[in-house]
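*Asks:* heads up, no residue letters with this:
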């Protein structure tokens, strides 16, 4: 599962520039949690052009066993209720399939309903964590079109599924920061994020 990530924008890339990406595993840690054994992997990507490092990205991936029957689920947290702006999203199999294709993500939980419900035990197709993060940044772009993002970090809190609509929300938090979050159809927090502006 993609549990979270951080992006830092050092300078803008331009269309037509030749770029390179270097990726490495920065850290691997094992833990035990309520749902069993977990392995946390931190992957770092650096994207550069002729002017040097343009984008640093880290993402956190969690590997876990299938949950044991009757394993306790994490207690859901209510989402903040003070959004300055929001947008409702209706995820559907076409959106999830297209995002999987765009990101070269072949995991069946995003497009194979029988697999995700019968093998993984989820109630529907899982909305990609990075797709939710992308929709949060898109909300910021729609609401504050002149804002430039210097740093963006996000953390997945609760999964979202294609069987229900969800909402992306945000509010300015001072002059140089915007708090963003997504909540499910019941108002529970699904993702939290912060965008820092220059």
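*Replies:* Thanks, I have the structure now. A quick note: this is a predicted structure, and the numbers were derived from the prediction, not measured. Residues are numbered from 1 along each chain as shown.
*Asks:* So which elements touch the longest helix seen in the chain?
*Replies:* Taking DSSP state H as the criterion, the chain has its longest helix at helix 129-143. Under the contact definition 3 or more Cβ pairs under 8 Å, 6 or more residues apart in numbering; DSSP states H and E, helix 129-143 sits against strand 2-9, strand 85-89, helix 93-102, strand 151-156, strand 166-172, strand 177-183, strand 189-196. Heads up, the C-betas are built off the backbone N, CA and C, glycines and all.
*Asks:* For the ones you listed, give me CSV that also has mean neighbour count and mean pLDDT.
*Replies:* Converted to CSV, the helices and strands packed on helix 129-143 look like this (neighbours: other Cβ atoms under 10 Å; pLDDT from 0 to 100):
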stretch, mean neighbour count, mean pLDDT
strand 2-9, 19, 95
strand 85-89, 15, 98
helix 93-102, 15, 95
strand 151-156, 20, 98
strand 166-172, 21, 98
strand 177-183, 23, 98
strand 189-196, 21, 98
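*Asks:* remind me which residues of the protein are low pLDDT?
*Replies:* Confidence mapping of the chain against pLDDT under 70 gives the ranges 35, 67-73.
*Asks:* Repeat the analysis, applying 90 as the threshold.
*Replies:* Scanning the chain for pLDDT under 90 picks out 1-2, 31-37, 64-75, 120-121, 175.
*Asks:* residue furthest from the geometric center of it?
*Replies:* Centroid-distance maximum for the chain: residue 50 at 29.3 Å, with Cα atoms, centre = their mean.
*Asks:* And it, how close does it get to residue 56?
*Replies:* 17 Å (Cβ to Cβ, to the nearest Å).
*Asks:* what residues are up against residue 158?
*Replies:* 74, 76, 77, 184, 188, 189, 190 (Cβ atoms under 8 Å, 6 or more residues apart in numbering).
*Asks:* Was I right to think the fifth one contacts residue 80?
*Replies:* If I follow you right, that is residue 188. No - in this structure, residue 188 is not within contact of residue 80 by Cβ atoms under 8 Å, at 11.5 Å.
*Asks:* Return every residue with contacts to both of these two.
*Replies:* Counting by Cβ under 8 Å, 6+ apart, residue 188 and residue 80 have no shared contacts at all.
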